[in-house]
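Novice: generate a structure from the sequence data that follows.
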Amino acid sequence: MLQKIKEFVKTYQSDIILVIGVILISLLSFALGYIVAKTQEKEPIKIEYRDTNIRMHTNDTNISIISINSYISIDS
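Specialist: This next block holds a predicted model:
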């Protein structure tokens, strides 16, 4: 059994090294990307809604429309 494994490794040694190298480089790349993403300072996302309410104000014969603008800010 051990002899078969040795023969297999000798036969496919270059392919085995290539596969191990690709796996190690992939893991290293993922780890570095993860670390960089964790350490980056990110500004929080801000969503602003503009809500316009219109009120009518009556004054004897004059009608005026008053517009009120309000902003709602959501920070995450």
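
Novice: ranking helices and strands of this protein by mean pLDDT, which lands last?
Specialist: Scoring the helices and strands of the chain by mean pLDDT, DSSP states H and E places strand 62-75 at the bottom, with a mean of 52.

Novice: so when I look at residue 50, I'm seeing a helix, right?
Specialist: No. Counting by DSSP: H, G, I helix; E, B strand; the rest coil, residue 50 falls outside a helix, being strand.

Novice: and this protein, what are its domains?
Specialist: Using automatic domain parsing, the domains assigned to the chain come out as 2-39, 46-75.

Novice: now the top helix by length along the chain: mean pLDDT?
Specialist: Looking across the chain with DSSP state H, the single longest helix is helix 13-39. In this model, helix 13-39 has a mean pLDDT of 94.

Novice: buried sites along it?
Specialist: Residues of helix 13-39 classed as buried: none (neighbour count, 16 or more other CB atoms under 10 Å). For the C-beta atoms, the positions are set from N, CA and C on the backbone; glycine is no exception.
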